[in-house]
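Visitor: Coordinates for the following, if possible.
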Amino acid sequence: MRVTGTARSGRVRPVVVGVALALAVGAASAVVPTAPAVAAADPRMSVAPMPVTAVPLAQAGEVAVWGHNDAGQATVPASLAGVAVSQVAVAESVVLALTAAGKVVGWGGNLGRLQRIPDEVSKADVAQIATGTSEFAGAVTRDGRVLMWGITTRRPSPLSVPAGLTGVTQLVLANWNAVALKADGSVVAWGADEALNQIPPALAGVRTKAIVAGNDTAYALTEDGTVIPWGNVANVISKMPASVLQPGNVKAIGALGYGGVAVLADDTVVQWDIREVSDTSWLAGSAPVSVSAGGGFAGMVDSDGVIHHWNEIATAESGLVPAALNGRALAQFSVGPDRNGAVVITKMLRGADPTIAGTPTVGSTLTATPGTFSASPDAVTSQWLADGAPVAGASGAALSLTPALLGKKITYQSTATKAGETTISSTSAAVTVTEPAPVATPKVASTTKVLKVKVAKNAKKLAVTGKVTAAKPVTGKAKVTIKKGKKTIVAKTVKVSAKGSVALTVKKFGKLVIKKLTPKKKGKKGKKGKKPSYYGKYVVSIDYAGNAQVDPSKAAKKFTVKKAKPKKGKK
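Guide: Residues are numbered from 1 along each chain as shown. From the prediction side, this is the model:
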């Protein structure tokens, strides 16, 4: 039999269901979905009553998606093959997955391009993801911050995260609004709908354990099992069954676009919509374990591990969920707004890859952190590899780098085993072993002295000698500079011997001085000044440059070149 269910958008969606037809005189026919046959639920099934956050590593595993695939949203990307996932969230034509290593992966495509994960989110260590609309998605980091992405707009939206918001443990999206639950049990909301931003007084001082949200209504489930709705609730409350509003009577709740679904204390499921209170009696006999909802659709996992998927008027979407998923080790699931749903099935897969720390040089030691795996392996062993081959005897967390490993690519591999599971391995990023950098030895101090300045008669020659001393050989270079006043006459670099000797001889020193001091002519009528002389006061300096073992030093000394005395008998 083919039944059509009309979503609030006005689109008509054909739904194939298996039914048993019951006729009554003077009454309309009733559709009673048949329960799918399934083996006993996997004992590892651990799905939470409200699967709104990520599951621990021990419960993480592989992702399976069902429903529409017009944008590729039902095709899990190859990048997730062998990777443990801890949460899956379904939006319109987009699916988001959170890996056990805290990374967000998206696929499919919609108006908000939510499958394109921003760099800020990709680099973050994420603890929970949230979506459900076609416009926005969000993430809660392990340190309690909220990161959002989606359609950029000038109007208030979930992108406008309150400044300084921290301590968040759960995030949900309600159309153009966001609602966050903090570790202290308090609730914060922001976005375009002011009614949703006004946290009800009934939540003051009450610890909330989970939140869900539809298009314009949010629901808080308190620790004592009471549901507190807020937002545009006038029409919603009037349609909510009295059993839902009874304090302490609700175990789990999910939000439809304009209504909700709840599991009561007596393990019955009830649903409501602003148009009517829906009939979920066809679920009688299926003990509910977990419930989820999104847009115009809801889902439930029962104690037999059977996944039930239905629409906002409580008509079963029979045949939509692959039969192979029933009875599996379900850990987390999500129902989206467009006939899509997804589950995380506990399975031993790679969590975080191993990492290596330390400087990869010969003579040093590397340390490794083993990889992690989902589904609680029976054993995890590790091994150091050099160019992909095991290093003999190196299975511990430390590896000493010997000369034999020079030039090799070193990795650390962890392998997990468990009865009934396929053995799997994960490998760290590689590091290449290099020669250690030369060890720099401390330099010693040096002392430089100008020993003697000897000037020949009439300054025909000048000789300078000096000495550099240190605790280590001072072989190197020194710069010898001679100045007369501010004018540099000589500036020459000379060698310094291993014993520290410095020597410089300047021939025709007097003529050099006169040449240096003679002013250049200005134009054709250059001014004639007093002819410079070589006699007078000077300063000689020796500037030792130092070497790899000895620090530099310098010294200076004044000397005078006297005017030559005329010979006797001559004036």
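Visitor: Following the one helix or strand Val291 maps to in sequence, what is the next regular element?
Guide: Here Val291 sits within strand 288-294, counting by DSSP states H and E. Proceeding N to C from strand 288-294, the next assigned helix or strand is strand 297-302, under DSSP H and E.
Visitor: Could I have the CA atoms of that next one written out in CSV?
Guide: Extracted as CSV, the C-alpha positions of strand 297-302 are listed here (Å, rounded to 0.1, in the frame of the first residue of the first chain):
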residue,chain,number,x,y,z
PHE,A,297,10.4,13.3,11.0
ALA,A,298,11.0,11.3,14.2
GLY,A,299,12.8,8.1,15.0
MET,A,300,13.1,5.6,17.8
VAL,A,301,15.3,2.7,18.7
ASP,A,302,13.6,0.0,20.7
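Visitor: For that strand, report the contacting residues that lie outside it.
Guide: 45, 47, 254, 256, 261, 263, 269, 271, 283, 286-293, 307-312, 317, 330, 333, 335-339, 341 (CB atoms under 8 Å, 6 or more residues apart in numbering). For glycine as for every other residue, the C-beta is placed from the backbone atoms N, C-alpha and C.
Visitor: Please convert the buried members of the residues you listed into PyMOL selection syntax.
Guide: Buried subset of the contacts of strand 297-302, written as a PyMOL selection, criterion 16 or more other CB atoms under 10 Å:
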select buried, resi 45+47+254+256+261+263+269+271+283+286+288+289+290+291+292+293+307+308+309+310+311+312+317+330+333+335+336+337+338+339+341
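Visitor: can you pull the buried residues of stretch 231-241?
Guide: Buried residues in stretch 231-241 (16+ other CB under 10 Å): Gly231, Asn232, Val233, Val236, Lys239, Met240, Pro241.
Visitor: Identify all contacting residues around that stretch.
Guide: 174, 193, 195-196, 213, 216-218, 229, 245, 258-260, 270, 272-277.
Visitor: What distance do you get for the spatially closest residue to Arg339 that is not a sequence neighbour to Thr346?
Guide: Nearest non-adjacent residue to Arg339, counting by CB to CB, 6 or more residues apart in numbering: Gly67, 4.4 Å away. Applying CB to CB, to the nearest Å, the value for Gly67 to Thr346 is 22 Å.
Visitor: and if you look at Val455?
Guide: Taking CB to CB, one finds Val455 at 96 Å from Thr346.
Visitor: didn't Ser553 look like it was pressed against Lys449?
Guide: No: using CB atoms under 8 Å, Ser553 is not in contact with Lys449; the gap is 9.4 Å.
Visitor: Neighbour count for those two, which is higher?
Guide: Ser553 (20 against 16; other CB atoms under 10 Å).
Visitor: Name all residues that make contact with the more buried one.
Guide: By CB under 8 Å, 6+ apart, the neighbours of Ser553 are Ala445, Ser446, Thr447, Thr448, Val468, Tyr544, Gly546.
Visitor: Assumed the fifth one was part of a helix.
Guide: No: secondary structure of Val468, determined by DSSP: H, G, I helix; E, B strand; the rest coil: strand, with no helix assignment.
Visitor: For it, grab the count of nearby residues.
Guide: 26.
Visitor: What of Ala265?
Guide: 12.
Visitor: ok, now which ones touch it?
Guide: Per CB under 8 Å, 6+ apart, neighbours of Ala265: Gly225, Gly248, Asn249, Val250, Lys251.
Visitor: so the strand holding Val291 versus strand 297-302, what angle?
Guide: Inter-element angle recorded for strand 288-294 and strand 297-302: 170 degrees (by axes from the mean of the first three to the mean of the last three CA atoms, to 10 degrees).
Visitor: pLDDT weak spots in the stretch 1-150 of the chain?
Guide: 1-39 (pLDDT under 70).
Visitor: now the helices for it?
Guide: 119-122 (DSSP state H, counting those that start in this stretch).
Visitor: Now which of the contacts of Ala265 would you call buried?
Guide: Buried, going by 16+ other CB under 10 Å: Gly225, Asn249, Val250, Lys251, out of the contacts of Ala265.
Visitor: What residues of the longest helix seen in the chain count as buried?
Guide: The longest helix of the chain (DSSP state H) is helix 509-517. By neighbour count on 16+ other CB under 10 Å, the buried set for helix 509-517 is Phe509, Gly510, Leu512, Val513, Leu517.
Visitor: would TSV of the contacts of Ser553 with pLDDT be doable?
Guide: Output for these, formatted as TSV (pLDDT from 0 to 100):
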residue	pLDDT
Ala445	96
Ser446	97
Thr447	97
Thr448	97
Val468	97
Tyr544	97
Gly546	96
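Visitor: Which ones among these map onto strands?
Guide: Ser446, Thr447, Thr448, Val468, Tyr544 (DSSP state E).
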